[in-house]
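A.B. asks: sequence and predicted model, in that order:
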Amino acid sequence: MRILLADDHTIVRDGIKMLLVEAYPFAEIVTVSNAADILIKVDTEPWDLVISDISMPPGNSGLDAIKQVKEHHPSLPVIILSMHTAEQYAVRAMQSGAAAYLTKGAATLELVKAVNRVLDGKKYLTPEVAVALADAFEKKHSGIEELSEREREVFLMLAKGLTISEIAQQLTRSINTISTFRSRIFEKMGFSNNMELIKYAIDNKI
């Protein structure tokens, strides 16, 4: 078994590697310190599992890397280890294709169980992640009826592909005001970007 472990902190990498070596003494565990090396390794070598942090320089490049890994290697399971709580990143990580999301504080207790389940072709959800996913599902399906009249108006214009500045001009409002409406719409309906909003509008024939 070959496991690729990515984290930009040496102490964290060494600690996680020790856990894995103890649980899987015959596994080959390779470590890297940045997202770019994840992509290089995955594209040039065979792996059974990738375990990666989210927050590696620059920014949240670990999350971007996971998206690319799953695009090119959809069958390769990925476990996310993060210092961030499930409420902050779990939904985005799972939407990007991760099979499990663990906080680093829980890794000692949860990692081996997560690895076993993920290698068995299943997802591993902690109670915190399950709650975060349920909340996101509820928001996603709250429906356009949750919007105010002005928010609904902005929603329809965004669904037509209009930009923030174009909507501001048509409604004679400031760009900041329209941006605020857009943020409220996204929060109420669980959208991450305009494409999700447009897809929702198309799917529901709005």
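C.D. replies: Noted; the coordinates are in hand.

A.B. asks: quick one, domains of this structure?
C.D. replies: Listed by automatic domain parsing, the domain ranges of the chain are 2-137, 142-203.

A.B. asks: which one of those is the most hemmed in?
C.D. replies: domain 2-137 (a mean of 18; mean count of other C-beta atoms under 10 Å). The way it works is simple: take the backbone N, C-alpha and C, and place the C-beta from them, glycine included.

A.B. asks: ok so, going back, make a markdown table out of the domains of the chain and add mean pLDDT.
C.D. replies: Below are those laid out as a markdown table (pLDDT from 0 to 100):
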| stretch | mean pLDDT |
| --- | --- |
| domain 2-137 | 89 |
| domain 142-203 | 89 |
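
A.B. asks: next SSE downstream of the one helix or strand V21 maps to?
C.D. replies: Element membership for V21 (DSSP states H and E) is helix 10-23. For helix 10-23, the following helix or strand on the C-terminal side (DSSP H and E) is strand 28-32.

A.B. asks: got the contact list for that next one?
C.D. replies: If you take C-beta atoms under 8 Å, 6 or more residues apart in numbering as the criterion, strand 28-32 is touched by 1-7, 13, 17, 20-21, 38, 41.

A.B. asks: run the last query once more with 6 Å
C.D. replies: R2, I3, L4, L5, A6, R13, K17, L20 (C-beta atoms under 6 Å, 6 or more residues apart in numbering).

A.B. asks: that one versus helix 10-23: what angle between them?
C.D. replies: 170 degrees (axes from the mean of the first three to the mean of the last three C-alpha atoms, to 10 degrees).

A.B. asks: show me how far strand 28-32 is from its chain's centre.
C.D. replies: 23 Å (C-alpha atoms, centre = their mean, to the nearest Å).

A.B. asks: begin at 59 from here
C.D. replies: Sure thing, new numbering starts at 59, so read that last one as strand 86-90.

A.B. asks: direction included, what does that strand pair up with?
C.D. replies: Counting by DSSP bridges, the strands paired with strand 86-90 are strand 60-64 (parallel).

A.B. asks: okay, the partner strand in CSV with CA atoms only?
C.D. replies: What follows is strand 60-64, C-alpha atoms only, in CSV (Å, rounded to 0.1, in the frame of the first residue of the first chain):
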residue,chain,number,x,y,z
ARG,A,60,1.2,3.5,-0.9
ILE,A,61,0.0,6.6,0.9
LEU,A,62,0.9,10.1,-0.1
LEU,A,63,0.8,12.5,2.9
ALA,A,64,0.8,16.3,2.4
